[in-house]
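Chemist: Got a sequence here, can you model it:
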Amino acid sequence: MHLDAIDLRNFYYRSALGRAAQKAIRDTLLQIWPGARGQTVVGYGFAVPLLRPYLADAERVIGLMPAPQGVMPWPPARPNVSVLCEETLWPLRSGQVDRLVVMHGLETSEHPSALLEECWRVLDPGGRAVFVVPNRAGLWSRSDRTPFGYGRPYSMGQLEAQLQTHRFSTEKAVSALYQPPSVHRGWRRAAQVLEGVGRHLPVFAAGGVLIVEVSKQVTAPTRPGLSERVRKPLRVLEGIGAPVPEPARYGRGLANSIDYG
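Modeler: Below is the predicted model of the structure:
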């Protein structure tokens, strides 16, 4: 079940907790992708809060929002780049996307396998995608105060296995949102410190969201027959003369055997 675009907008742009979550996840994404100069960057679900840093140098930025969720214009005071689309039928060419960000899209989808196939289709060979999903072991997936309390939370193993099933190769796996999902002022003041400490934890259990970067690797096409040309073939029949027609050979043999004497 997809959340409503208005509720997501109000959380990320009009609440202190949402702005803190936006900053923590976006900072983690920027560590993975510091820039996207000359590339096509697409967000699906409600990923537009993470895309603003790429507006300056990317060739194109597109925010795809599924029809059950609804759409909102984005970014404010600039030409709109957000598009309403079907969940598994995006208005993009195959191989058009260099960088793809999926947030509030996979865990709320009723057709996750078909959605991942669409992600695969639009990515350029060698392109990268980042999936942001609720961590089933974290605190954020247990609170319905935030959008991460809805849909299907994942463990890291579950998420990586599902992505590998759809031919994605995992490049990096991290977590974020180590601050608790609380509006208490004390927790809000300590949010930055908690995020800094959390990045050095060796386990994913403390993070509210899991962030996995994957790549699309396409194997080289194969042709039937031998995979390599034989560089030095054996010439076992060299030196054998050309075949002689049977009548000519028999004729010469008979002529040589006749005694004219």
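
Chemist: What are the buried residues along the helix ranked longest in the chain?
Modeler: Secondary structure assigned by DSSP state H gives helix 16-32 as the longest helix of the chain. With burial defined by 16 or more other C-beta atoms under 10 Å, the residues of helix 16-32 counted as buried are Leu17, Gly18, Arg19, Ala20, Ala21, Gln22, Ala24, Ile25, Arg26, Thr28, Leu29. Using the backbone N, CA and C atoms, a C-beta is placed for each residue, glycine as well.

Chemist: any weak-confidence spans in the stretch 151-261 of the chain?
Modeler: 182-205, 219-261 (pLDDT under 70).

Chemist: and Val42, backbone torsions?
Modeler: Taking degrees, to the nearest 10, you get phi -130, psi 140 for the backbone angles of Val42.

Chemist: Who does it form a beta bridge with?
Modeler: Listed beta-bridge partners, Val42: Ile62, Leu100 (assigned using DSSP bridges).

Chemist: neighbours of it, just the number please.
Modeler: Residue crowding around Val42 was assessed by other C-beta atoms under 10 Å; the count is 28.

Chemist: Could you do the one 10 residues further on as well?
Modeler: Neighbouring residues of Arg52 were enumerated by other C-beta under 10 Å; the total is 14.

Chemist: List the residues that contact the nearest residue to it once chain neighbours are set aside.
Modeler: Nearest residue to Arg52, sequence neighbours excluded (C-beta to C-beta, 6 or more residues apart in numbering): Pro75, at 6.5 Å. Pro75 sits next to Val48, Arg52, Leu55, Val81 when contact means C-beta atoms under 8 Å, 6 or more residues apart in numbering.

Chemist: Let me see the contact set for the most centrally placed residue in the chain.
Modeler: Centroid-nearest residue in the chain, with C-alpha atoms, centre = their mean: Ala129, separated by 3.1 Å. With C-beta under 8 Å, 6+ apart as the criterion, the residues that contact Ala129 are Arg99, Leu100, Val101, Val102, Cys119, Leu123, Phe168, Glu213, Val214, Ser215, Lys216.

Chemist: Mind pulling up the pLDDT for it?
Modeler: Note for Ala129: predicted pLDDT of 98.

Chemist: Need the phi and psi values for it.
Modeler: Dihedral angles for Ala129 - degrees, to the nearest 10 - are phi -130, psi 150.

Chemist: in the sheet, who's paired with it?
Modeler: In this structure, Ala129 has the following beta-bridge partners (DSSP bridges): Leu100, Val214.

Chemist: Distance of it relative to Leu106?
Modeler: Going from Ala129 to Leu106 by C-beta to C-beta, to the nearest Å gives 11 Å.

Chemist: Same check on Thr28?
Modeler: The spacing between Thr28 and Leu106, counted by C-beta to C-beta, is 17 Å.

Chemist: What of Pro66?
Modeler: Applying C-beta to C-beta to Pro66 and Leu106 gives a distance of 11 Å.

Chemist: between these two, what contacts are shared?
Modeler: Common neighbours of Pro66 and Leu106, using C-beta under 8 Å, 6+ apart, are Gly45.

Chemist: Please, where are all the strands along the stretch 1-150 of the chain?
Modeler: Under the criterion DSSP state E, counting those that start in this stretch, the stretch 1-150 of the chain contains strands at 40-45, 60-66, 82-85, 97-103, 123-134.

Chemist: that older thread, and which of the buried residues of helix 16-32 is nearest Ser141?
Modeler: The closest of those to Ser141 turns out to be Ala21 (C-beta to C-beta; 12.7 Å).

Chemist: That closest one and Asn135, how far apart?
Modeler: With C-beta to C-beta as the criterion, Ala21 and Asn135 are 13 Å apart.
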